[in-house]
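Novice: Structure for this input, please:
(4 chains)
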There are 2 protein chains.
Amino acid sequence: MNDSGGNRGKKQARRPSTERTAQRDPERTRAAILEAATREFAENGMGGARVDAIAERAGTNKRMLYHYFGDKEQLYLKVLEEAYVGIRTAERALHIGDRSPEDGISELALFTWRYFLKHPEFLSLLGTENLHRARWLRQSVRLKELHSHLIGELSQVLEQGKKQGVFIETADPLHVYLTIASLGYFYLSNQYTLSTIFGRDLIEPANLNAWEKHIVHVTLASIKR
Amino acid sequence: MNDSGGNRGKKQARRPSTERTAQRDPERTRAAILEAATREFAENGMGGARVDAIAERAGTNKRMLYHYFGDKEQLYLKVLEEAYVGIRTAERALHIGDRSPEDGISELALFTWRYFLKHPEFLSLLGTENLHRARWLRQSVRLKELHSHLIGELSQVLEQGKKQGVFIETADPLHVYLTIASLGYFYLSNQYTLSTIFGRDLIEPANLNAWEKHIVHVTLASIKR
DNA sequence: TCATCAAGTAACCGTTTAGTTACCGGCTTG
DNA sequence: CAAGCCGGTAACTAAACGGTTACTTGATGA
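Specialist: Coordinates of the predicted model:
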């Protein structure tokens, strides 16, 4: 039973006595918690993630988690923000404007697909956040700035392509990005139900390669004159 | 405090005495639980959904829920199965083979988009199930049969289009379906984060109409000769 | 060299949760 | 017409949960 001992409610002398060796490396501990939290939230969602599990995965305990991040919700937001910073930073390094418009778009499509493939935790976090209608992301000020750059750069590439006569006039930067992201996101984040209902292993290399080609094909076909 | 009274652990005479009027309508109760569960699971995911909340939403209590569905997991699987049956049944009624190949594909794209738009709970359930790597869907035998029909019918439409010379030879039924579903799913299920980061209200009617047109355009552009 | 304070531990707390038990009462049927 | 079954209620339980408290440890600089 829970209530054994009969001393409930009465404070007793405790003996915390450190049994594990203390790390004494705040930066490492903080990073370990953040990484463990990323995995836990990605695997179980906000509702399913367990604070105890995060602490254990990080090789520390709950006290430190609350010490560094406040509470579960703030830790979750931090995880989400870092995930966005990760993809947008890598994306910026592409400089899609340096090539021909067609190559620029292909490059962006390939990059996005491969990033999604390499970072399933990012897709999962997006799913979780949307389940909650962006409840936590909305609170984040720093994230909103990160994205105007992407649309701006993509817009320039499309304009150049229109001038050169290779892209249709109606091509819209937001639509193009959403198309690329859609095709990657759906295939990967829904791979488990899709593989089950269609009886095919979508994550098999041959199928992955076919879909990668398909994404580039569809994206270009939708904007080429 | 929780523990007031001092009678913990000792079984006492209870007085359940029916205070609400009993419904005495098993079919209605069952359906009410299923509908309430659909909403609760869609809004909160598997980990976040609360059995008490489902019972309350259904206007009944937990006992009935366990009586009809066994436990939380079996109830969840039932909800998921019903959601799939819903979309596949409506889809079948389209008979996309009755029109020209191009119209058939447009029809399927429009139907899928509008069904997703009308049934956000279906998208949400898919997301939740994939978070758990189709853990529950895999157990379902009845679902796997439902989907071969869709691919078969789509395959016929594509073949007809190829014969008529309007579709490219490489068009693949699974890829076409995944393309249509991708574009609808991503836009709608990620509308909250997307609206936040891009600073646009994606669910606004004008934007919805533009995306509907875009889906049809992209789908056809990707397979037209 | 020793007081201080950040880093760290583990037990603890109050509440919530999935699931169970004890009991009720009206309809059907032998 | 009574017996029993089925649909129903609400209180209960053990375990799990997010979050806190009491206390320890080791590096540092006055």
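Novice: Quick one: find the helix or strand in chain A with the lowest mean pLDDT.
Specialist: helix A:142-146 (a mean of 79; mean pLDDT, DSSP states H and E).
Novice: Not counting its own residues, what contacts that helix?
Specialist: Contact with helix A:142-146 is made by A:81, A:84-85, A:88, A:137, B:196-197, B:199, as judged by Cβ atoms under 8 Å, 6 or more residues apart in numbering or on different chains. (C-beta placed from N, C-alpha, C; glycine too.)
Novice: mind checking how far that helix is from the chain centre?
Specialist: 15 Å (Cα atoms, centre = their mean, to the nearest Å).
Novice: Buried ones in that helix, by neighbour count?
Specialist: Neighbour counts using 16 or more other Cβ atoms under 10 Å in any protein chain shown place A:143, A:146 of helix A:142-146 among the buried residues.
Novice: Identify the residues contacting the helix or strand where A:Tyr84 lies?
Specialist: Per DSSP states H and E, A:Tyr84 falls inside helix A:72-92. With contact meaning Cβ under 8 Å, 6+ apart, helix A:72-92 is reached by A:33-34, A:37-38, A:41, A:46, A:49, A:51, A:54, A:65, A:69, A:108, A:111-112, A:115, A:119, A:121-122, A:125, A:129, A:136-137, A:139-140, A:142-143, A:146-147, A:149-150, B:197.
Novice: One more pass at 6 Å, please.
Specialist: A:37-38, A:41, A:46, A:51, A:69, A:115, A:122, A:125, A:129, A:136, A:140, A:143, A:146 (Cβ atoms under 6 Å, 6 or more residues apart in numbering or on different chains).
Novice: what about that helix, near DNA strand C?
Specialist: No. In terms of Cβ under 7 Å from any atom of the strand, no part of helix A:72-92 sits within range of DNA strand C; the closest distance is 12.5 Å.
Novice: and that helix, C-alpha only, in CSV?
Specialist: In CSV, the C-alpha atoms belonging to helix A:72-92 read as follows (Å, rounded to 0.1, in the frame of the first residue of the first chain):
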residue,chain,number,x,y,z
LYS,A,72,7.7,21.1,-18.2
GLU,A,73,6.0,23.6,-20.4
GLN,A,74,9.0,26.0,-20.6
LEU,A,75,11.3,23.1,-21.3
TYR,A,76,9.0,22.0,-24.1
LEU,A,77,9.0,25.4,-25.6
LYS,A,78,12.8,25.6,-25.5
VAL,A,79,13.0,22.2,-27.2
LEU,A,80,10.6,23.4,-29.9
GLU,A,81,12.5,26.7,-30.4
GLU,A,82,15.9,24.9,-30.8
ALA,A,83,14.4,22.6,-33.3
TYR,A,84,13.2,25.5,-35.5
VAL,A,85,16.5,27.3,-35.1
GLY,A,86,18.2,24.1,-36.3
ILE,A,87,16.4,23.8,-39.6
ARG,A,88,16.3,27.5,-40.4
THR,A,89,20.0,27.8,-39.8
ALA,A,90,20.9,24.9,-42.0
GLU,A,91,18.5,26.3,-44.7
ARG,A,92,20.1,29.7,-44.7
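Novice: can you list the contacts of helix A:72-92 in a markdown table and add secondary structure and distance to B:Gly184?
Specialist: A markdown table is the format used below for the contacts of helix A:72-92 (DSSP: H, G, I helix; E, B strand; the rest coil; distance: Cβ to Cβ, whole Å):
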| residue | secondary structure | distance to B:Gly184 |
| --- | --- | --- |
| A:Ala37 | helix | 32 |
| A:Thr38 | helix | 29 |
| A:Phe41 | helix | 26 |
| A:Met46 | helix | 25 |
| A:Val51 | helix | 36 |
| A:Phe69 | helix | 36 |
| A:Tyr115 | helix | 22 |
| A:Phe122 | helix | 21 |
| A:Leu125 | helix | 21 |
| A:Glu129 | helix | 19 |
| A:Trp136 | coil | 25 |
| A:Ser140 | coil | 27 |
| A:Leu143 | helix | 25 |
| A:Leu146 | helix | 26 |
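Novice: Tell me the first helix or strand C-terminal of the least confident helix or strand of chain A.
Specialist: For helix A:142-146, the following helix or strand on the C-terminal side (DSSP H and E) is helix A:148-163.
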